[in-house]
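Undergrad: Sequence first, predicted coordinates after that:
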Amino acid sequence: MSVKLVRPDIEQGRRKLQESEAGFTLLEIMVAVAIIAISFVSLLGSQSQSISIAAISRFEITASMLARQKLTEIQLADFEELSTAEGDFEDDFADFHWQTEVSELTEDETGITGAGEMLKVVDLTVSRGIDENMVYRVRSVIMVGIKPVKKK
């Protein structure tokens, strides 16, 4: 039978050493919390940026659709009656505003002889509310309708 003699102060020191290695130190916890906080701030920043980009994309898609609709109306109108105008869209798009500026292209501007009073430039601006960043601009050239010549 063997008897193991251990001094109580050494045994107690081993237990303290094992207990202190079992947990995390305050420094380790603070480093972990700092890493999580930095990650969280980065995540929130990217989320905020993606929401902003989505709002801009939504505006540009809606404004381009409304601009196409308005340009179609302008192209279907009588060429001689085209003039500068402005107004608001209706129904679901009541917060959108449109404005047109119509000017004639001359022979000097186009370099095409005989093009006087045949071409008009339409600058269409679609905006939303009073926000200066929410503006969509389109320029289109419209030509007078050509009527076929009747043969005799």
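TA: It's in.
Undergrad: how about low-confidence regions in this protein?
TA: Within the chain, the stretches falling below the threshold (pLDDT under 70) are 1-22, 116.
Undergrad: How is Lys151 assigned, secondary-structure-wise?
TA: For Lys151, the secondary structure call by DSSP: H, G, I helix; E, B strand; the rest coil comes out as coil.
Undergrad: Next, it: phi, psi?
TA: Listed backbone geometry of Lys151 is phi -80, psi 140, with angles given as degrees, to the nearest 10.
Undergrad: Enumerate every residue touching it.
TA: Neighbouring residues of Lys151 by CB atoms under 8 Å, 6 or more residues apart in numbering: there are none. The C-beta positions use only the backbone N, C-alpha and C, and glycine is treated the same way.
Undergrad: Could you pick out the longest helix of the protein?
TA: Counting residues, the longest helix in the chain under DSSP state H turns out to be helix 26-76.
Undergrad: On the C-terminal side of it, identify the next helix or strand.
TA: Per DSSP states H and E, helix 26-76 leads on to strand 85-88 as the next helix or strand towards the C-terminus.
Undergrad: After that next one, which helix or strand is next? Please name it.
TA: Next along from strand 85-88, by DSSP H and E: strand 96-105.
Undergrad: same for that following strand, what does it pack against?
TA: Using 3 or more CB pairs under 8 Å, 6 or more residues apart in numbering; DSSP states H and E as the contact criterion, the elements in contact with strand 96-105 are helix 26-76, strand 85-88, strand 119-128.
Undergrad: in its sheet, what does it sit against?
TA: Taking DSSP bridges as the criterion, strand 96-105 pairs within the sheet with strand 85-88 (antiparallel), strand 119-128 (antiparallel).
Undergrad: and these as JSON lines, adding distance to Ile142?
TA: Formatted as JSON lines, the entries for the strands paired with strand 96-105 read as follows, by distance: least, CB to CB, whole Å:
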{"stretch": "strand 85-88", "distance to Ile142": "14"}
{"stretch": "strand 119-128", "distance to Ile142": "5"}
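Undergrad: Let's check: the centremost residue of the chain is which one?
TA: Ile56 (2.4 Å; CA atoms, centre = their mean).
Undergrad: For Asp131, see how far away that one is.
TA: Between Ile56 and Asp131 the distance is 11 Å, computed by CB to CB, to the nearest Å.
Undergrad: And Lys150, by the same measure?
TA: Between Lys150 and Asp131 the computed distance is 53 Å (CB to CB).
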